[in-house]
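1. Quick one: sequence plus predicted model below, questions after.
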Amino acid sequence: MVVKKNKGANPGKYFDTMGTVGTIGLHMVSHPAVGAVAGYFLDDWLGTKPWMFITFLILGVIAGFRAVYADTKKVMRNQEKEDNERFQRKD
Amino acid sequence: MASGLPHPLLLAPLAGMDSITINGEVVNFSHVFYTWIAMAILFSLAFLVRGQIKLVPGKLQNVFEVIIGGLEDFVVSNIGEDGRKIFHVLIALFLFIITMNLLGLVPGFDAPTANVNTNAAMALFTFAYYNWVGLKRWGVGYIKHFCGPFWWLTPLMLPLELISHCARPLSLTLRLFGNIRGEEIVLILFFLLAPIVGTIPIYFLFGLAKCLQAFIWFMLSMIYLKGSLEHAH
């Protein structure tokens, strides 16, 4: 690109963080939901009434927390990068 | 628009495209009709820009160069040079979604993304695409992406990874659907409260939110593609 953007005023960075933060809430819900649905249909298929449902629901909850942890790590990494940039520019 | 809520003016019923009959069943067709309109807008813009491409860009070419060039820089800085090979899919999705989202703000039109079917189709495409890219890149070794960092963790990690991969299209679909549908409903309610005057201030907020939702889709599919392109743990 011909036009060089000023790094401090880059709106893409805020969009990036806003996007990541906006995904956290739904990740918390969608993973357990997928786990529960998978467990329900596995129960139907294998005839092990409550067990697969419970197992996969718990797995879904664990997967959900893992996704939230990954998102949080990403936000914190962005923050650290920004802090470093700001610190270096002040020197 | 928003189920059951009265809409002052819509193009689809006027064009006779509100619903069609397939095998004797009446099927809601308006979102497909508006998707066609979004496609027509994008195609005509693309032909317009292609017809007059210059070294020194004109107004329209400049707009597209800023959007596409900026996002390409963003993808390359995140994925690396591999990002250029898959960028065409990401930018196509982004432009398509942003056009469909913003179509909801135009009087007489409705956002096709306010219907869950449009989003589900795009989410399933994204899901299939990043898995296909991973399979093409790693072959059978793509299974390692699902197995976690150590071999003895595989029995625990495999179901976890499968669940989180299956949750991706679900959360993509529901996020876009919920946001856009909610905005459409709020717009209609504001319009009912105070026609025209009530809707204008909220247009700025929703314009931003709709761009943000398109960008979120773009960014998430980029992250998924990054995951399938890079080496497993």
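-> Now that the structure is in, tell me what you want to look at. Note that this is a predicted model, so its numbers are computed, not measured.
2. Residue numbers of chain B in contact with chain A?
-> B:65-66, B:69-70, B:73-74, B:159-161, B:163-164, B:166-167, B:170-171, B:174-175, B:212, B:215-216, B:219-220 (C-beta under 8 Å from any C-beta of the partner chain). Quick note: C-beta positions are derived from backbone N, CA and C, even for glycine.
3. Report the contact partners of the most centrally placed residue in chain A.
-> Note on chain A: the residue nearest the mean C-alpha position is A:Asp71, at 3.7 Å, using C-alpha atoms, centre = their mean. Going by C-beta atoms under 8 Å, 6 or more residues apart in numbering or on different chains, A:Asp71 touches A:Thr20, A:Val21, A:Thr23, A:Ile24, A:His27.
4. now the residues you listed: which count as buried?
-> A:Thr20, A:Thr23, A:His27 (16 or more other C-beta atoms under 10 Å in any protein chain shown).
5. Keep only those residues that also lie close to chain B.
-> When contact is defined as C-beta under 8 Å from any C-beta, the buried ones among the contacts of A:Asp71 meet chain B at A:Thr20, A:Thr23, A:His27.
6. Check which helices and strands the one helix or strand B:Ala38 maps to is in contact with.
-> Following DSSP states H and E, one finds B:Ala38 within helix B:30-51. Applying 3 or more C-beta pairs under 8 Å, 6 or more residues apart in numbering or on different chains; DSSP states H and E, one finds that helix B:30-51 contacts helix B:11-15, helix B:59-79, helix B:83-103, helix B:116-138.
7. C-alpha coordinates for that helix, CSV please?
-> C-alpha atoms of helix B:30-51 as CSV (Å, rounded to 0.1, in the frame of the first residue of the first chain):
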residue,chain,number,x,y,z
SER,B,30,-37.0,-13.5,0.9
HIS,B,31,-33.5,-14.0,2.4
VAL,B,32,-32.3,-15.7,-0.8
PHE,B,33,-33.8,-12.8,-2.8
TYR,B,34,-31.8,-10.3,-0.7
THR,B,35,-28.7,-12.5,-1.0
TRP,B,36,-29.1,-12.2,-4.8
ILE,B,37,-29.3,-8.4,-4.4
ALA,B,38,-26.1,-8.4,-2.3
MET,B,39,-24.4,-10.5,-5.0
ALA,B,40,-25.6,-8.2,-7.7
ILE,B,41,-24.2,-5.2,-5.9
LEU,B,42,-20.8,-6.9,-5.4
PHE,B,43,-20.6,-8.2,-8.9
SER,B,44,-21.4,-4.8,-10.5
LEU,B,45,-19.0,-3.0,-8.1
ALA,B,46,-16.3,-5.5,-9.0
PHE,B,47,-16.9,-5.1,-12.8
LEU,B,48,-16.9,-1.3,-12.3
VAL,B,49,-13.6,-1.4,-10.5
ARG,B,50,-12.0,-3.9,-12.9
GLY,B,51,-13.0,-1.9,-15.9
